[in-house]
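Chemist: here is my input; please provide its structure:
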Amino acid sequence: MRVRTAGLYLAALALAAFLIGPFAWMVSTAVKSRDEIFTTPPTWWPHAPSWDGFAAAASTDVLASFGNSALVCVGTTALCMVLALLACYPLSRTRVRWRGGVLGAILVSQLLPHAVLLLPIYRTARELGMLNTRWGLVVAMLRSHCPSASGCCTATSPPCRCRWRRPRGSTGSASSPPTGA
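Modeler: Numbers count the residues shown, from 1 in each chain. Next up, the predicted model:
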C-alpha cells in the first residue's frame, strides 16, 4: 500500500471518528445512571447500563410531541416552498433591471443574525394572538427559511430566453404575444 493511500485511509478514519463520536457519546449517556453522567472523569461506557431513561421518556406523551413537531415541519416546508416558488418564478423567468437588486436584498436579509429578529417576531406573534400556537412557530420558522429557499430556487432557474412565437395561420409580428383563446 502506498503512503498516499494510507494517508487517505487515516484521514477518512479520523473523519469517521469525528462524526460518529457525538452519536456514540449520546448512546452511552442514554444508558448511564444520573450519578454516572456527572462523574469526573467521564466514562465512555457505564458500569451498569440502565434503560430507565427510555422507560421514563416513553411514559410521557412522546407521540403527541412527535406529532406536533411533524405537523410544524410539514407545514413550514409546504408554505415555504409555495412562497419561495411564488417569489422566484418572476425573478427567474423575466428580464428586469431590478432582478439583481432583489436577489441582493434576499442575500442581505440572510446576513442578519436571527437573534436580532427575535423581539420583532415575538411582538408580532403576541399582537396577532399567535403565541404558544403551532401557527406562530410556523411563521417564525418561515422567516428564516423562505429567503434562502427563494434564493436557491432563483439561482437554480436560469432566466428565460424564449420568445413569443405566433401560431400558424395567424397574422402579426413574431415578437408580440399570441392573441385569442
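Chemist: give the other helices and strands that the strand or helix carrying Ala64 contacts.
Modeler: Per DSSP states H and E: Ala64 is located in helix 62-93. Where contact means 3 or more CB pairs under 8 Å, 6 or more residues apart in numbering; DSSP states H and E, helix 62-93 is packed against helix 99-111, helix 134-156. Every C-beta, even on glycine, is put in place using the N, C-alpha and C of the backbone.
Chemist: can you pull the buried residues of the first one?
Modeler: Within helix 99-111, the residues scored as buried using 16 or more other CB atoms under 10 Å are Val102, Leu103, Ile106, Ser109.
Chemist: run through who's touching stretch 65-75.
Modeler: Residues outside stretch 65-75 that contact it (CB atoms under 8 Å, 6 or more residues apart in numbering) are Arg134, Leu137, Val138, Met141.
Chemist: same question for stretch 106-122.
Modeler: The contact list for stretch 106-122 (CB under 8 Å, 6+ apart) reads Leu131, Val139, Ala140, Arg143, Ser144, Pro147, Ser148, Ser150, Gly151, Thr154.
Chemist: dump the residue contacts of the most centrally placed residue in the chain.
Modeler: Per CA atoms, centre = their mean, the C-alpha nearest to the average position across the chain is that of His145, at 6.0 Å. By CB under 8 Å, 6+ apart, the residues touching His145 are Thr76, Cys80.
Chemist: same thing but 6 Å
Modeler: Taking CB atoms under 6 Å, 6 or more residues apart in numbering as the criterion, His145 is in contact with Cys80.
Chemist: break the chain down into its domains, please.
Modeler: Annotated domains of the chain cover 3-59, 62-156 [automatic domain parsing].
Chemist: any idea which element Met26 lies in?
Modeler: helix 3-30.
Chemist: which is the next helix or strand following that helix?
Modeler: That would be, after helix 3-30 and using DSSP H and E, helix 34-37.
Chemist: what's the mean pLDDT across the following helix or strand past that following helix?
Modeler: Scanning forward in sequence from helix 34-37 by DSSP H and E, the next helix or strand is helix 52-59. Averaging pLDDT along helix 52-59 yields 81.
Chemist: how far off centre is helix 52-59?
Modeler: 30 Å (CA atoms, centre = their mean, to the nearest Å).
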